[in-house]
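[1] I need the structure of the sequence given here:
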Amino acid sequence: DVQYLLDKAFANILTDLYNASHGTIVLIGEERVPASLAKLERLHNRVLEWVPAQAATLEDLRTLVTASYPSLQIED
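    Numbering: from 1, shown residues only. Prediction:
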């Protein structure tokens, strides 16, 4: 959970990594992450999209199981 890493020192490191890589960084955390990041304007301004988590469906679970444990069967 990124919430535990949001301090100024970490934000500077994360911003430097982003600037050096020109890649995508995915931050996963709780609902309050955007508010916490707002205090770290230099990092907050680099967020392209805020996407809230959604509950997994049974079909999502089946897809994950098939990819990770092909021999495991899930009953309805």
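
[2] so which helix or strand takes in the residue nearest to the spatial centre of the chain?
    Nearest to the geometric centre of the chain sits Ile28, at 2.4 Å (C-alpha atoms, centre = their mean). Assessed by DSSP states H and E, Ile28 sits outside every helix and strand.

[3] what's the distance between the nearest residue to it once chain neighbours are set aside and Leu43?
    In space, and not counting its chain neighbours, Ile28 is closest to Val2: 6.2 Å by C-beta to C-beta, 6 or more residues apart in numbering. Bear in mind the C-beta positions are built from the backbone N, C-alpha and C, glycine included. Using C-beta to C-beta, to the nearest Å, we find Val2 at a distance of 10 Å from Leu43.

[4] number of nearby residues for Tyr69?
    10 (other C-beta atoms under 10 Å).

[5] my bad, Ile25
    Neighbours of Ile25 using other C-beta under 10 Å come to 13.

[6] quick check, it in contact with Tyr18.
    Yes - between Ile25 and Tyr18 there is a contact at 5.6 Å, judged by C-beta atoms under 8 Å.

[7] identify the contacts common to these two.
    Here Ile25 and Tyr18 share no contacting residue, scored by C-beta atoms under 8 Å, 6 or more residues apart in numbering.

[8] residues contacting whichever strand or helix holds Asn19, please?
    Here Asn19, judged by DSSP H and E, is contained in helix 8-21. With contacts defined as C-beta under 8 Å, 6+ apart, helix 8-21 is touched by Ile25, Leu37, Leu40, Arg42, Leu43, Arg46.

[9] in TSV: those residues, plus distance to Leu61.
    Output for those, formatted as TSV (distance: C-beta to C-beta, whole Å):
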residue	distance to Leu61
Ile25	27
Leu37	30
Leu40	35
Arg42	38
Leu43	33
Arg46	33
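
[10] nice, that's everything, thank you.
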